[in-house]
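Trainee: Just a sequence and a predicted model for now, questions to come.
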Amino acid sequence: MASNFNLAKNRLKGLASPFREDNSLYENYTSVLENQLTDGIIESVNTENLNQNLIYSMPHHPIIRNDKETTKLRIVLDVSSKEKNCFSLNDNLKVGPNLNPNLLILLLKFREFRIELVSDVKKAFLQIVLAEDCQRFLWSDNFPPNNFKIYRNKKVTFGVKSSPFLLASNHKTPHKRITKDHIL
């Protein structure tokens, strides 16, 4: 997979115009990133001795949903972005088998008992830890950006085509502990 650092850098520069027009958008965007840093979802990358030719950097943009009560701004990482004649992150990942149960069978089993238990894992994809250097993105403390900071996602990114498999496989084997020896 070829580097798309320049594509990610140009997309980040493209955010300067919307941020200039709406300063609260920039403040909210920065707040989301700061919360993700605090929550351990992302981390800053030491850029010393960094070879940009070997790293895929994900462009990102805001999705604004004023009708939502809890999450009005969401940062979307574009894992399908690619330079001309190159492959994207999604192009290089396998979907994996469908591990989700058959919905009809699940509904029939649900009706077997008088009391049912339902749960929802908060931000389920963000509960799965990734190996280092799988997914990176750029940010700047000022716009238009002059200097870039590099961050890495420490958790599975929603939108990566292997995410549903990773989530389902973690639900299938919650009792197993993954050690550093298991990480490829």
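Mentor: Perfect, I can see it now.
Trainee: Distance of the residue positioned nearest the centre of the chain relative to Lys94?
Mentor: The C-alpha lying nearest the average C-alpha coordinate of the chain belongs to Thr157 (CA atoms, centre = their mean; 2.5 Å). Distance, Thr157 to Lys94, by CB to CB, to the nearest Å: 16 Å. C-beta here means a position set from N, CA and C on the backbone, and glycine is covered the same way.
Trainee: Next: Glu48.
Mentor: Between Glu48 and Lys94 the distance is 33 Å, computed by CB to CB.
Trainee: So if I had to pick from those two, which one is more boxed in?
Mentor: The residue with more neighbours, out of Glu48 and Lys94, is Lys94; 8 against 5, by other CB atoms under 10 Å.
Trainee: Just give the nearest non-adjacent residue to that one, would you?
Mentor: Nearest non-adjacent residue to Lys94, counting by CB to CB, 6 or more residues apart in numbering: Ser162, 6.3 Å away.
Trainee: so what's that neighbour up against?
Mentor: Counting by CB atoms under 8 Å, 6 or more residues apart in numbering, Ser162 touches 93-96.
Trainee: would you list every one of the helices in the chain?
Mentor: Counting by DSSP state H, the chain has helices at residues 5-14, 16-21, 23-38, 103-110, 163-172.
Trainee: so which of those helices gets nearest Trp139?
Mentor: Closest to Trp139 of these is helix 23-38 (CB to CB; 6.3 Å).
Trainee: mean confidence score for the closest one?
Mentor: On average, the pLDDT along helix 23-38 is 92.
Trainee: if we can go back for a sec, now tabulate the helices of the chain in a markdown table and tack on distance to Pro144 and mean neighbour count.
Mentor: Conversion of the helices of the chain to a markdown table gives the following (distance: least, CB to CB, whole Å; neighbours: other CB atoms under 10 Å):
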| stretch | distance to Pro144 | mean neighbour count |
| --- | --- | --- |
| helix 5-14 | 6 | 17 |
| helix 16-21 | 4 | 14 |
| helix 23-38 | 12 | 14 |
| helix 103-110 | 49 | 10 |
| helix 163-172 | 32 | 16 |
